[in-house]
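Engineer: Provided below for reference: sequence and predicted model.
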Amino acid sequence: MKILITGGAGFIGSHVIRRFVQNYPNYHIYNLDALTYAGNLENLKDIENFPNYHFVKGNIVDEDFIITLFDENNFDGVIHLAAESHVDRSIEDPLAFVRTNIIGTVNLLNAAKKIWNDDFVGKRFYHVSTDEVYGSLGQEGLFTEETSYNPNSPYSASKASSDHFVRAYGETYKLPFVITNCSNNYGPFHFPEKLIPLFINNIIHNKPLPVYGDGKYTRDWLFVEDHARAIDLVFHKGANHQTYNVGGFNEWQNIDLVKLLCKVMDKKLDRKDGTSENLITYVRNRPGHDLRYAIDATKINKELGWEPSVTFEEGLELTVDWYLSNSDWLNHVTSGDYKEYYKKMYS
């Protein structure tokens, strides 16, 4: 089996790549990544010489390149993770999100449709999406697979559009697909622009911890390796033309999460309790900030037997330990030196 995984050098993608390469030695895993700012091949140093792993540098917005790639390899499956994903960046440059998240997804769909040529036996297009497409919840309730879409940022709007295109190709062309909508991920190899790795790095260097608004915005958090395990299950056992929500049943207000992280960091860095919490700085809220996300993951649990393997407290400690033990990785990412790894290994 040949599987194309897009965005495989990114945070979630690298965990999925590693899992598939190690667990399925008879599969050929193709990692397609444009190596933009968040794509880092150092994330995959431990498996880059495995015989069933293949790296391809390229951009999903390049239609001709994508068609050629599919034509040359005739993939049996696609796991599509490549995306612009940072809400703050989407507010600054919405068109970048339109190009990658919408046009890039349609390019992949067109290539799959053309090369598979209506012979869909054994084929699967797996689109990885986000809970942000559902919009914002009040104090009660959970997002289910039947929740209406109501995106509130350019990022979530672009992901909602790509979800609709995938479903439309399934309905119009009978393309076999599955979609998952996942809650916030955290764990090793996370680019330090997102909350947890950013604050870990800032605490190490005694920098301010910028908390939006009153800090009471609520998110459901999932350890990234549990997400990779869910993707494995859905790819192999999920039903065609179905959506599965993936979440941790693990809601935290931002300010409570940050205070817990501060306590863990003080302990790990042998600092006086409360030292890191003094770095908390409240900043002006961002536009269109959704109040609360919370996923109902009952369907994937009942149909596929998936559930999170660690509590948030356990996963957060594992995450902190990883960053403190991998200071070279963190320094390379924050300095931009990680970009030299591609030149060293593949030029």
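Structural biologist: In hand now; what should we look at?
Engineer: Lys344 is in contact with Leu41, correct?
Structural biologist: No: if you go by CB atoms under 8 Å, Leu41 and Lys344 don't touch, sitting 9.4 Å apart. Bear in mind the C-beta positions are built from the backbone N, C-alpha and C, glycine included.
Engineer: those two: who's more crowded?
Structural biologist: Taking neighbours as other CB atoms under 10 Å, Leu41 and Lys344 compare with Leu41 leading, 22 against 8.
Engineer: just list the residues touching that one, thanks.
Structural biologist: Residues in contact with Leu41 (CB atoms under 8 Å, 6 or more residues apart in numbering) are 9, 33, 35, 48, 55, 338, 341-342, 345-346.
Engineer: try it again at 7 Å.
Structural biologist: Applying CB atoms under 7 Å, 6 or more residues apart in numbering, we find Leu41 in contact with 9, 341-342, 345.
Engineer: quick one: pLDDT of the nearest residue to Thr144 once chain neighbours are set aside?
Structural biologist: Using CB to CB, 6 or more residues apart in numbering and skipping residues adjacent in sequence, the residue nearest Thr144 is Asp296, 4.8 Å away. Here, the pLDDT recorded for Asp296 equals 96.
Engineer: and Asp296, what does it touch?
Structural biologist: Contact analysis of Asp296 by CB under 7 Å, 6+ apart lists 142-144, 245.
Engineer: can I get the residues you listed in CSV including distance to Thr281?
Structural biologist: Shown next, in CSV, are these (distance: CB to CB, whole Å):
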residue, distance to Thr281
Leu142, 32
Phe143, 31
Thr144, 36
Asn245, 34
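Engineer: which is the next helix or strand following the helix or strand containing Thr68?
Structural biologist: Thr68 is part of helix 63-73, with elements assigned from DSSP states H and E. With elements assigned by DSSP H and E, the helix or strand that comes after helix 63-73 is strand 77-80.
Engineer: what does that following strand contact?
Structural biologist: Contacts of strand 77-80 (CB under 7 Å, 6+ apart): 1, 3-6, 16, 105, 108, 112, 123-128, 231, 235.
Engineer: quick one: mean pLDDT for it?
Structural biologist: Mean pLDDT, strand 77-80: 98.
Engineer: what does stretch 339-347 give?
Structural biologist: 75.
Engineer: just the CA atoms of that stretch, as PDB, please.
Structural biologist: What follows is stretch 339-347, C-alpha atoms only, in PDB (Å, rounded to 0.1, in the frame of the first residue of the first chain):
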ATOM      1  CA  LYS A 339      15.500  25.300   8.000                       C
ATOM      2  CA  GLU A 340      19.100  24.300   7.300                       C
ATOM      3  CA  TYR A 341      18.300  20.600   7.900                       C
ATOM      4  CA  TYR A 342      16.600  20.100   4.600                       C
ATOM      5  CA  LYS A 343      19.600  21.600   2.800                       C
ATOM      6  CA  LYS A 344      22.000  19.400   4.700                       C
ATOM      7  CA  MET A 345      20.000  16.200   4.100                       C
ATOM      8  CA  TYR A 346      18.400  16.600   0.700                       C
ATOM      9  CA  SER A 347      20.200  19.200  -1.400                       C
END
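Engineer: list the buried residues of it.
Structural biologist: Across stretch 339-347, burial judged by 16 or more other CB atoms under 10 Å covers 339, 341-342.
Engineer: so which of those residues is the closest to Val320?
Structural biologist: When the buried residues of stretch 339-347 are compared for distance to Val320 (CB to CB), Tyr341 comes out closest, at 24.3 Å.
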